[in-house]
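Chemist: Here is my input; please provide its structure:
(one chain, ligands or ions: 1)
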Amino acid sequence: MALSPEERRRKLRAASEKRRHMEHEDEHHPQDSYYNEERQRAQRRLRAERRRRRQRRQRIMAIVAVIVGIALLCGIIFLVRGLLSGGKDKDAEVQQELVQDGGAGSQDGMTELPEESTEPETEDARLETMAEAERLAAMYDYDGAIELLGTLPEASTDQEIQALVAGYEETKAGLVRQDISTITHVFFHSLIVDPENALDKERWGTQADGYNSVMTTISEFEKMLDEFYEDGFVLVGLHDMAHIEKTADGQEIMVEGDIMLPEGKKAMVMSQDDVCYYEYMEGAGFADRIVIGEDGRPTCHYVDEEGNEHLGEYDLVPILDRFVDEHPDFSYKGAKACLAFTGYNGILGYRTDETYDPNSDMFDEEKEPNYNIEEDRETARQVAAALKEDGYELASHSWGHRDMSQRSLEDVKRDADRWEKNVNQELLGGTCDIILYPFGSDVGDWHPYTHENQKFDYLWDLGFRYFCGVDSSQYWVQVGTDYLRQGRRNLDGYMMWMDLSGQRDKLSDLFDDVGAIFDPARPTPVTQ
Ligand SMILES: [Zn+2]
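Modeler: Prediction:
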C-alpha cells in the first residue's frame with residue numbers, strides 16, 4: 001500500500017512528535033521525582049548506617065585498646081615483681097601467659113565486631129579483585145589470576161567470574177614456550193634529561209663526548225619503548241630465563257625457565273648500568289638519585305639548570321614504571337629491568353661506601369666525608385627494597401668499574417670483596433647473584449665457563465650465577481651447568497650513529513627507522 005508523499009510526511013511528523021513526547025514524559029515522569037527522593041533517602045540511610053557502624057567499631061576498638069593496655073600494664077607489673085623475687089623461669093612463664101592473654105583478649109574483642117553484610121563494600125571488593133585478576137592475566141600470570149578469583153566467596157556460582165576463568169584457561173592453552181637461547185638483552189646508562197646541558201662540549205669537555213657516545217636521552221628511550229611494545233616485545237627477568245635448582249646430592253644446576261607467552265610476543269631482557277649517579281655527573285643534566293615517592297614507589301630526584309628540584313620521570317625506572325602501568329602486557333609477571341651498581345661512589349645517588357665514612361679505616365682523604373652515612377645507607381636499603389618490590393633485579397657492576405679480563409686474579413678478588421662488603425652485604429641483604437661486567441669485559445672467552453677459571457670460580461663462590469658481557473649481536477645466551485651467561489647490546493648514541501651513518505647494521509631487528517629515534521639535540525658525528 002503506497003502512501004502519498006504528503007501522507008508519509010505527516011506520518012513521520014506524527015511519529016517523531018510521539019517519540020519526543022515519550023522522551024519528554026520519560027524526563028518528567030510523575031513518579032520520577034518520587035523515585036529520586038526515595039533513592040536519596042535510601043542513600044542517606046545507608047550513609048547514616050555506615051557512620052553508625054564506623055562509630056560503633058571505633059568505640060569497640062577503643063575498649064579493646066584499653067583492655068589490651070591494662071593487660072600489658074598488669075603484665076609489666078607482674079614481670080617486674082617476678083624479676084625482683086628472682087625465679088627466672090617462672091617470669092618467662094608469667095610473661096608468656098600474659099602475652100597470650102593480651103593476644104586472646106584483643107582477638108576476642110575483634111570477633112565482637114558486628115559482621116553485618118555491607119553490600120556496596122562487598123561489591124567494591126569484588127570489582128577490585130576482578131580488576132587485579134585482569135591485571136595479572138594481562139601480565140601473562142593466568143594461574144595467579146585464576147587463583148585470585150577463586151578467593152571470592154561467589155567464585156563457584158557467579159557467571160561473570162566463571163566466564164573470566166574460562167577465558168584465561170583458553171588463552172593459557174594457546175601460549176608458546178619461549179626459546180631462551182634467542183632472547184635479546186638491551187641495556188642503557190643513566191638517561192640524559194637535558195641534552196643541551198649534558199652534550200655541551202664547551203662546558204663539559206671530552207666528558208660531553210662520552211655522554212654523547214654511551215648515553216641515551218629520555219626522548220630516545222621513550223620512542224624505543226613504544227617501538228619495543230609495538231613489535232611485541234615483553235620484558236622478562238634473568239631469573240625467568242633460568243634458575244638454580246638443587247639435585248638430590250646437593251649440587252646446584254641451572255635450569256631453563258618456562259616463559260609462556262601468546263603467539264607473536266617475544267621475550268626481552270633490559271638492564272641499566274652504573275645506577276650510582278656518580279659525583280662527576282652532578283649538574284650535567286641527569287637525575288641525581290632515586291627516592292621513594294609519595295605512592296611508595298621509586299622515583300627520581302632531579303635539579304634543573306636553574307637549581308629547581310623536581311621529583312618524577314627523570315630516568316629509566318619511573319619512565320618504565322609508568323609505561324608498564326599503561327601497558328601491563330609489556331611485562332612478564334611484573335618483570336621490569338636489571339639495575340647494576342658499582343661501589344666506589346655508593347649506589348642510587350647515596351654516598352654509602354666506607355671510603356666516605358670519616359670514622360672508617362677505609363676513609364679516602366680525597367673524598368668529601370659523608371657525616372650522614374648511616375642514614376644514607378638506610379635510605380639506600382629502603383630504595384633498593386622498593387625497586388625489588390617493583391619488579392627490578394639488582395646486579396653488581398664490580399666495585400671499582402674494573403676491566404675483569406685485564407685485571408689480575410688478585411685484583412679481581414680484592415675488588416669483588418669490596419663490592420660484596422659495601423654493597424651486597426651492607427645494602428642488598430646479601431642476595432645479589434647477577435654480575436653485569438664493566439666494559440662488557442668477560443672473565444672468559446665464548447667457551448663455557450669451568451671452575452678451572454679462577455676468576456669465574458671466585459665470583460661463583462661469592463654467589464654470582466648470572467653473568468652478562470656485551471655482545472652487540474641480536475642474542476647470545478649460554479646455559480651452563482651452574483650458571484647463565486648472556487650477551488647484551490648497548491642502545492646508545494654511538495650505536496645509533498653507526499647505524500644512521502651506514503657503518504654498521506646492529507639495530508634493524510629492533511627499529512624500523514633509527515633516524516626517527518635519534519635525538520636531534522646530539523652533535524654529530526658521534527665518536528666512541
Ligand atoms: Zn659501566
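Chemist: per-residue confidence at Glu116?
Modeler: With respect to pLDDT, Glu116 scores 48.
Chemist: nope, Leu175 is what I meant
Modeler: Listed pLDDT for Leu175 reads 98.
Chemist: Name whatever forms a beta bridge with the spatially closest residue to it that is not a sequence neighbour.
Modeler: Sequence neighbours aside, Met260 is the residue nearest to Leu175 in space, at 4.0 Å (criterion: CB to CB, 6 or more residues apart in numbering). Placement of C-beta: from N, CA and C, glycine included. Beta-bridge pairing for Met260 (DSSP bridges): Arg177.
Chemist: For Met260, which residues are in contact?
Modeler: Tyr140, Lys172, Leu175, Val176, Arg177, Gln178 (CB atoms under 8 Å, 6 or more residues apart in numbering).
Chemist: Check the burial of the last one by counting its neighbours.
Modeler: Here the count is done by other CB atoms under 10 Å, and Gln178 has 22 residues near it.
Chemist: can you check the fifth one too?
Modeler: When counting by other CB under 10 Å, one arrives at 11 neighbours for Arg177.
Chemist: Cross-check the contact I'm expecting between Val383 and Leu348.
Modeler: Yes - between Val383 and Leu348 there is a contact at 5.3 Å, judged by CB atoms under 8 Å.
Chemist: Now list whatever residues contact both of the two.
Modeler: Ile290.
Chemist: before we move on, back to that, how confident was the prediction at the residue nearest to Leu175?
Modeler: According to the model, Met260 scores 98 on pLDDT.
Chemist: quick one: Arg377 and Glu426 touch, right?
Modeler: Yes - assessed by CB under 8 Å, Arg377 is found in contact with Glu426 at 6.4 Å.
Chemist: Please enumerate the shared neighbours of the two.
Modeler: Thr352.
Chemist: contacting residues around the residue nearest the centre of the chain?
Modeler: A centroid search over the chain (CA atoms, centre = their mean) returns Asp390, at 2.4 Å, as the residue closest to the centre. Counting by CB under 8 Å, 6+ apart, Asp390 makes contact with Arg297, Pro298, Val317, Asp321, Lys336.
Chemist: what's the answer for Ser501, then?
Modeler: Pro525.
Chemist: got a pLDDT number for Ser472?
Modeler: 84.
Chemist: residues contacting it?
Modeler: Contacts of Ser472 by CB under 8 Å, 6+ apart are Gly487, Arg489, Asn490, Met495, Lys506.
Chemist: How about the residues of this structure by the ion?
Modeler: Asp273, Asp274, Pro438 (CB under 5 Å from the ion).
Chemist: can you rerun that using 6 Å?
Modeler: Contacts of the chain with the ion, taken as CB under 6 Å from the ion, map to Asp273, Asp274, His397, His401, Pro438.
Chemist: Relative to the ion, which residue of the stretch 101-250 of the chain is the closest?
Modeler: His189 (7.0 Å; CB to the ion).
Chemist: what pLDDT does that residue get?
Modeler: 98.
Chemist: which SS class is Asn197?
Modeler: helix (DSSP: H, G, I helix; E, B strand; the rest coil).
Chemist: quick one: contacts for it?
Modeler: Per CB under 8 Å, 6+ apart, neighbours of Asn197: Arg203, Ala284, Gly285, Glu305.
Chemist: if I look at it, how far off is Ile319?
Modeler: To Ile319, Asn197 is 19 Å away according to CB to CB, to the nearest Å.
Chemist: Look up the closest residue to Val303, ignoring the ones flanking it.
Modeler: Glu309 is the one closest to Val303 (CB to CB, 6+ apart), at 5.5 Å.
Chemist: Please tell me I have it right and the one you found contacts Val291.
Modeler: No - with contact defined as CB under 8 Å, Glu309 does not count as touching Val291 (10.8 Å).
Chemist: Which of these two has more residues huddled nearby?
Modeler: Neighbour comparison, Glu309 and Val291: the larger count goes to Val291, with 18 against 9 (by other CB under 10 Å).
Chemist: Then that one would be within a helix, right?
Modeler: No - assessed with three-state DSSP, Val291 is strand; it does not lie in a helix.
Chemist: Look up which residues are beta-bridged to it.
Modeler: Bridge pairing for Val291 - DSSP bridges - gives Thr299.
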